[in-house]
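**Student:** Fold the stuff below for me.
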Amino acid sequence: MARTAKKIRPKPLVLIMIEGLGVAPTGEANALSSAMPYFNHLVGHYPTGVLLATGPELGLPLETPGNSAIAHAIIGSGRAFPNAQFSLDQKIIDQSFFDSKQIKALKKLIQDKKTIHLIGLLSTSEKEASLEQVKDLIDWLVKEGATEIKLHGILDGREAEIKAGQKIIEELILFLKHYPVCEIVSLIGRLYALDDRANYKRTIKAFNLFTQGQGNVVSSLKNAFSEVYDKKIFDEEFPPTIISHNQEKVFSMSDNDLVIFWNYNKENIRQLVEQFLEQKPNLKLVSLTDYGYDERILALDNPNFSSVSLGKILSDNNLRQLRISDSAGFPNVTTMLDCFSSPFYEGLDKKLISSLPGDSFTDSILENIKAIKQASLEALEHLSYDFIAITLSQIDIVAHHNDRSDFSKVIAAIDEAVKSIVEAIENTKGLAVIVGTHGFAEKIIDPVDNVNILSHSDNPVPIYIIGHDFRGFNLGWPEALGRDLSSLKPLGNLTDVAPTILSLLHLPIPPDMTGHNLIN
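**Tutor:** You can find the predicted model right below:
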């Protein structure tokens, strides 16, 4: 029987976000089901449900998996992600995009600049960039009189099939036959060009390729792929490569050149863009959407997104906050959770766990989990915070790394760490809300081809509400048959997390939050 929660504000309320934690039936493809005994224990003992982590309600196209950055933005804002792709597509269709004052400024730059460099992601997944949009951009540039366009392609292999890049390039070649002033001059994998985890050595390799033509030289695009794929290296790790028909490096950037970044999602391209800002301050930079660099980059479109966030509301109500993660998850638990910004909120502290060394990749991941657990337990011991947000990115990282040998160790370590943190929360009479950000580890094997899946799933994610006063509650939520969360229909989606947290803290939910309180 459902009971009514006590109307006392819990202290602290701890939000634990776990990247790559989705819901699917038990089986060989589900790496989570047998390795997380504590999470399995929570089902039936505390309010537990599942939430949609993708779909139009969250601003994402159907059957498009979510990702960590977008999920944090949705969780922190309590509303759908501002879909720059949809916004741009509509404006391109009705031609309003080409009539803006930003486009007029770009026309002037085209007249003044010699060479235009286009840089962005080429992917069948359109979460970060659109192939059709870059085609529209090339068409418009040529009509406006551009005489030399050099295209630098970033290959995916993470959110798309690992060898999709070759097919995309073949499609582009056919398209560019109608635009002889545009040529594909370089290729590189997203591992380098779209690193967002402070691996600056990788970012610099991409920067040097784009600006100085530093990389492997091949005579044709066909050779570029055959030489790399034959070595069992695929799109994500595609090395810096220059395409030169006469085997000479034929490009470099001068201060009179114009650079246009066509990714509409700014998060993963941020490190690369910052290299351009720091190392090439005289270059004129243009982005398809607003990357948040004010006048330093001409942004051609700016999807409207309210700045109201969970963090701001807590600060406005004089509640002290702490954010904890290692370097992999830190941008998400800070910038993305605060609606794409890095504000200074009164009473907000941040704890960055530096990546720790280990004898192996897995050992390093395990050390990071231990360090996050320790930092969380220390914060709980002092009881000085009203709200703590913790991001655990390690399941997602090892799934992308494609090394299943020690996968179970990492999952078990997450299970144990969360158990320790939650037990400490219960001892303080606090409250924990645990939520997955997107699916992945619950679907790591393709049942048809029996091969590893290297991209996120579109499965729902679990949500747990745990605290001493919630033990035995069901809140009217459907109960999982045999503790199998895959038997449940979603209660809602990720937009509902922030309103639910505000309700648990007995704070009003602002109109800007379109999500719903799940504990009514």
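
**Student:** so where's the stretch 101-250 of the chain uncertain?
**Tutor:** Counting by pLDDT under 70, the ranges of the stretch 101-250 of the chain that qualify are 247-250.

**Student:** try 50 this time
**Tutor:** Regions of the stretch 101-250 of the chain meeting the criterion pLDDT under 50 are absent.

**Student:** Ok, the chain next?
**Tutor:** For the chain (pLDDT under 50), the answer is 1-6.

**Student:** How is it partitioned into domains?
**Tutor:** 13-81+307-504, 84-299 (automatic domain parsing).

**Student:** Is it possible to get TSV of those that adds distance to residue 519 and mean neighbour count?
**Tutor:** Heads up, the C-betas are built off the backbone N, CA and C, glycines and all. Below are these laid out as TSV (distance: least, C-beta to C-beta, whole Å; neighbours: other C-beta atoms under 10 Å):
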stretch	distance to residue 519	mean neighbour count
domain 13-81+307-504	5	20
domain 84-299	31	18
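
**Student:** Nearest to residue 514, out of the ones you listed?
**Tutor:** domain 13-81+307-504 (4.4 Å; C-beta to C-beta).

**Student:** Let me see the backbone angles for the nearest residue to residue 461 once chain neighbours are set aside.
**Tutor:** The spatial neighbour of residue 461 that comes closest, neighbours along the chain excluded (C-beta to C-beta, 6 or more residues apart in numbering), is residue 436 at 3.1 Å. With angles defined as degrees, to the nearest 10, residue 436 sits at phi -80, psi 150.

**Student:** Any figure for the gap between residue 436 and residue 170?
**Tutor:** Distance of residue 436 to residue 170, computed by C-beta to C-beta, to the nearest Å: 37 Å.

**Student:** Same check on residue 266?
**Tutor:** With C-beta to C-beta as the criterion, residue 266 and residue 170 are 29 Å apart.

**Student:** what's the answer for residue 49, then?
**Tutor:** Relative to residue 170, and taking C-beta to C-beta, residue 49 is found at 45 Å.

**Student:** Also residue 109?
**Tutor:** Distance from residue 109 to residue 170, by C-beta to C-beta: 31 Å.

**Student:** same check, this time on residue 234
**Tutor:** Computed as C-beta to C-beta, the residue 234 to residue 170 distance reads 16 Å.

**Student:** for residue 411, same thing?
**Tutor:** For residue 411 relative to residue 170 (C-beta to C-beta), the value is 39 Å.

**Student:** Over to residue 89?
**Tutor:** From residue 89 to residue 170 the distance is 24 Å (C-beta to C-beta).

**Student:** try residue 208
**Tutor:** 27 Å.

**Student:** Please apply the same query to residue 485.
**Tutor:** As judged by C-beta to C-beta, residue 485 and residue 170 stand 42 Å apart.

**Student:** State the phi and psi torsions of the closest residue in space to residue 380 that isn't next to it in sequence.
**Tutor:** Setting aside the residues directly before and after it, residue 380 is nearest to residue 424 in space (C-beta to C-beta, 6+ apart), at 4.6 Å. In terms of degrees, to the nearest 10, the main-chain angles of residue 424 are phi -70, psi -40.

**Student:** tell me which element the residue nearest to the spatial centre of the chain falls in.
**Tutor:** Residue closest to the average C-alpha location in the chain (C-alpha atoms, centre = their mean): residue 69, at 3.0 Å. Using DSSP states H and E, residue 69 sits within helix 68-77.

**Student:** So what's the gap between that helix and the chain middle?
**Tutor:** 8 Å (C-alpha atoms, centre = their mean, to the nearest Å).

**Student:** Packing partners of that helix?
**Tutor:** For helix 68-77, the packing partners by 3 or more C-beta pairs under 8 Å, 6 or more residues apart in numbering; DSSP states H and E come out as strand 13-18, helix 310-316, helix 497-504.

**Student:** quick one: strands adjacent to the shortest one?
**Tutor:** Strand 13-18 has these partner strands in its sheet, going by DSSP bridges: strand 387-392 (parallel), strand 431-436 (parallel).

**Student:** Would you format the ones you listed as CSV with distance to residue 377 included?
**Tutor:** Output for these, formatted as CSV (distance: least, C-beta to C-beta, whole Å):
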stretch, distance to residue 377
strand 387-392, 11
strand 431-436, 13
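
**Student:** Tell me who's in contact with the residue nearest to residue 463 when sequence neighbours are not counted.
**Tutor:** The shortest distance from residue 463 to any non-neighbouring residue, by C-beta to C-beta, 6+ apart, is to residue 435 (4.7 Å). Listed by C-beta atoms under 8 Å, 6 or more residues apart in numbering, the contact partners of residue 435 are 15, 16, 17, 18, 51, 75, 461, 462, 463, 464, 494, 497.

**Student:** Spatially nearest residue to residue 70, not counting backbone neighbours?
**Tutor:** Counting by C-beta to C-beta, 6+ apart, the residue nearest residue 70 is residue 81, at 5.1 Å.

**Student:** Residue 127 versus the one you found, what's the distance?
**Tutor:** Taking C-beta to C-beta, one finds residue 81 at 10 Å from residue 127.

**Student:** Spit out the residues that contact these two alike.
**Tutor:** 60, 70.

**Student:** ok, now which ones touch the nearest residue to residue 229 once chain neighbours are set aside?
**Tutor:** Counting by C-beta to C-beta, 6+ apart, residue 163 is the residue found nearest to residue 229 once chain neighbours are left out, at 6.5 Å. Taking C-beta under 8 Å, 6+ apart as the contact definition, residue 163 lies against 157, 229, 234, 235.

**Student:** Report the contact partners of the first one.
**Tutor:** By that I understand residue 157. With C-beta under 8 Å, 6+ apart, residue 157 has these contacts: 163, 164, 165, 189, 190, 234, 235, 236, 237, 238, 454.

**Student:** returning to what we had before: I'd say the residue nearest to residue 461 and residue 18 touch.
**Tutor:** Yes. Using C-beta atoms under 8 Å, residue 436 is in contact with residue 18, at 5.4 Å.

**Student:** got a list of what the residue nearest to residue 387 when sequence neighbours are not counted touches?
**Tutor:** With sequence-adjacent residues excluded and distances taken as C-beta to C-beta, 6+ apart, residue 387 is closest to residue 321, at 4.8 Å. With contact taken as C-beta under 8 Å, 6+ apart, residue 321 is in contact with 311, 314, 315, 345, 347, 348, 349, 385, 386, 387, 388, 389.

**Student:** if we can go back for a sec, wait, which of the helices and strands packed on helix 68-77 is closest to residue 418?
**Tutor:** Residue 418 sits nearest to strand 13-18 of all those, at 6.3 Å, using C-beta to C-beta.

**Student:** Could you look up the next helix or strand downstream of the closest one?
**Tutor:** helix 37-42.

**Student:** CA atoms only: put that following helix into PDB for me.
**Tutor:** Presented in PDB, the C-alpha positions along helix 37-42 are these (Å, rounded to 0.1, in the frame of the first residue of the first chain):
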ATOM      1  CA  PRO A  37      23.100  -7.000  -7.300                       C
ATOM      2  CA  TYR A  38      22.500  -3.800  -5.300                       C
ATOM      3  CA  PHE A  39      20.500  -2.200  -8.100                       C
ATOM      4  CA  ASN A  40      18.500  -5.400  -8.400                       C
ATOM      5  CA  HIS A  41      17.900  -5.300  -4.700                       C
ATOM      6  CA  LEU A  42      16.500  -1.700  -4.900                       C
END
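
**Student:** The very next helix or strand once past it packs against which elements?
**Tutor:** As assigned by DSSP H and E, the chain's next helix or strand after helix 37-42 is strand 48-52. Counting contacts by 3+ C-beta pairs under 8 Å, 6+ apart, strand 48-52 packs against strand 461-467, strand 492-493.
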